[in-house]
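K.L.:
Give the three-dimensional model of this entry:
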Amino acid sequence: MAGDEYELVTIYDIAKATGLSPTTVSKVFNQYSDVSEKTRRKILEASEQMGYIPNAQARTLTTKRSWTIGVLYIESSGAGLLHPYFGGVIEGFKKVATSKGYDLMFISKHIGGKKGGYLEHCKLRGIDGVVVVLPDYTDPYFKELLDSDIPCVLLDQESDLKSTISSNNMDGSKQAVDYLYGLGHRSIAHISGGTTYAGEQRLQGYLKAMEQLGLTVLPEHIIQGSYDYTVESGQKAMEQLLALEHLPTAVFVAGDNLAVGAMLAMKKHGLNVPEDMSIVGYDDIEMAKYLTPALTTIRQNTYALGSRAADMLICSIEGGSEARPQTDQIAVELVVRGSCREV
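P.N.:
Got it, this is the predicted structure:
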């Protein structure tokens with residue numbers, strides 16, 4: 001090569017040299033599984049001999065995309081990263097996204113110590129799309145992102161503008177209440193997940209299930225937990241229930257962390273689960289099966305939520321302006337353990 005000039009080797013050059021199609025060559029570099037090992041070796045050997053470098057910058061120029069997806073989580077409490085829900089969702093999301101050639105980047109309102117916004121960060125980094133875990137509609141910067149043309153998928157939220165995905169929260173509540181009813185419980189309280197979308201959906205599911213079974217809902221038997229579903233909030237909620245003159249025989253709790261707190265409060269008062277009160281949680285976090293007693297709960301398939309969210313977002317990114325917002329729900333299931341008894 002003369003001076004600073006060089007010839008950029010492309011997948012078309014490799015395709016021509018190997019006698020294979022550019023599509024097959026591209027699949028090898030993007031680690032698709034539907035290419036034989038023999039063909040894969042042939043392409044990789046040729047690319048090495050020809051000095052091909054699968055350059056991210058070159059790929060960006062070719063596709064007009066950065067191949068980067070932003071991950072936005074609620075920041076006001078830090079709950080996004082700490083909540084057990086987050087890990088499973090991101091694991092499923094990452095597997096699908098990386099298999100299709102995308103990198104993930106956490107996005108923030110503040111860049112380099114300077115105040116800004118989510119939209120500004122996305123534009124600065126050339127983000128192709130954003131997955132929003134635990135959305136916060138009270139944040140004006142979040143609303144600014146929603147109103148933009150950047151593809152987004154929201155978990156556990158409603159939106160007319162962007163794609164959304166959630167667990168079937170109302171059905172999960174119905175399964176919990178129906179199970180307790182089947183054990184003979186008629187006085188069933190609820191510790192809610194605050195004003196979050198999931199919390200509201202689970203509350204509405206509880207109310208509907210109680211109504212369908214002809215059970216009376218006492219206003220004092222509905223205690224609002226915190227939106228970030230903390231153990232401490234569960235303790236405070238159970239303390240409120242235990243202060244009542246007429247105690248329920250069972251409690252459906254909107255999150256497993258809340259349920260852990262509720263069980264700790266009962267223990268503090270010398271009460272036992274399930275002898276004195278049955279408890280059903282929601283999420284099926286890892287800790288649930290190790291509690292004493294092990295927690296009966298509604299299992300969310302967080303991995304499926306994440307992987308489906310990735311499919312939806314990438315469809316929006318690659319479909320361009322013609323892609324319409326999608327809505328989907330993932331089924332939940334009751335996991336019976338030792339925190340409930342017949343009455």
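
K.L.:
In terms of secondary structure, what does the helix or strand harbouring residue 281 contact?
P.N.:
Counting by DSSP states H and E, the element that carries residue 281 is strand 278-283. Packing partners of strand 278-283 (3 or more Cβ pairs under 8 Å, 6 or more residues apart in numbering; DSSP states H and E): helix 169-182, strand 250-253, helix 256-268, strand 296-299. All C-beta spots, glycine's among them, are computed from the backbone N, C-alpha and C.

K.L.:
average pLDDT for the helix or strand just after the first one?
P.N.:
In this case it means helix 169-182. From helix 169-182 onward toward the C-terminus, using DSSP H and E, the following helix or strand is strand 188-192. Averaging pLDDT along strand 188-192 yields 98.

K.L.:
What pairs with strand 188-192, parallel or antiparallel?
P.N.:
strand 222-224 (parallel), strand 250-253 (parallel) (DSSP bridges).

K.L.:
Which of those strands sits closest to residue 174?
P.N.:
strand 250-253 (10.2 Å; Cβ to Cβ).

K.L.:
on that earlier part again, ranking the helices and strands packed on strand 278-283 by burial, who's on top?
P.N.:
Each of these was scored by mean neighbour count; the highest is strand 250-253, a mean of 30, by mean count of other Cβ atoms under 10 Å.

K.L.:
ok, residues contacting that strand?
P.N.:
173, 176-177, 180, 183, 185, 187-191, 206, 225, 234, 238, 241, 259, 262, 277-282, 340 (Cβ atoms under 8 Å, 6 or more residues apart in numbering).

K.L.:
Can I get it in PDB, CA atoms only?
P.N.:
Coordinates of each C-alpha in strand 250-253 appear next as PDB, following Å, rounded to 0.1, in the frame of the first residue of the first chain:
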ATOM      1  CA  ALA A 250     -54.700 -14.400  54.300                       C
ATOM      2  CA  VAL A 251     -52.800 -11.600  52.400                       C
ATOM      3  CA  PHE A 252     -52.000 -11.400  48.700                       C
ATOM      4  CA  VAL A 253     -48.900  -9.300  48.400                       C
END
